[in-house]
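[1] quick one: sequence and predicted model below, then my questions.
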Amino acid sequence: MARPGKRSTLATMSPERPLGAHMSIAGGLAKAVDRAGQVEATALQIFTRNQVRWEAPPLDQAEALAFRDACTRSPLVFVCAHASYLINLASPDPVTRERSVDALSEELRRADALGCAC
């Protein structure tokens, strides 16, 4: 509980337990870090690409570096990536399953390049 006259914030309420939200990457991946900062988050979840399309442009290395730098300069202690909604590794359709395996592999590569914990 906050002391009288002291503003309680997400960052001061529970320093041992990160608290945050999923943030938009519109305008660039590093913008998500800025958005997390605006709500005083200590955790962040992002999509690394459009979550409802199979195809994705390659991850720009300069953008990945900018994201990692923004995270380093922020109070974030936990950053993770959310995989595409299309992925279904248990699909009975072999085409969908193969696309899902490929998409998940790409999601993992992107998350690693961005320094995401998961």
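    Looks like it arrived, so ask away.

[2] okay, and the beta partners of the residue most central in space within the chain?
    Centroid-nearest residue in the chain: I46, 2.5 Å away (criterion: Cα atoms, centre = their mean). With DSSP bridges applied, the residues forming beta bridges to I46 are A81.

[3] so it touches A83, yeah?
    No - I46 sits out of contact with A83 when judged by Cβ atoms under 8 Å, with a separation of 11.1 Å. All C-beta atoms are positioned from the backbone trio N, CA, C, and that covers glycine.

[4] show me what the biggest helix by length in the chain is packed against.
    Using DSSP state H, we find that the single longest helix of the chain is helix 94-114. In this structure, helix 94-114 packs against helix 61-73, strand 78-82, with contacts taken as 3 or more Cβ pairs under 8 Å, 6 or more residues apart in numbering; DSSP states H and E.

[5] any chance of the ones you listed in a markdown table, with distance to A32 and mean pLDDT too?
    What follows is those, written out as a markdown table (distance: least, Cβ to Cβ, whole Å; pLDDT from 0 to 100):
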| stretch | distance to A32 | mean pLDDT |
| --- | --- | --- |
| helix 61-73 | 8 | 97 |
| strand 78-82 | 9 | 95 |
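
[6] what residues does the residue nearest to the centre of the chain make contact with?
    I46 makes contacts with 22-23, 25, 29, 32, 79-82, 114, 116, as judged by Cβ atoms under 8 Å, 6 or more residues apart in numbering.
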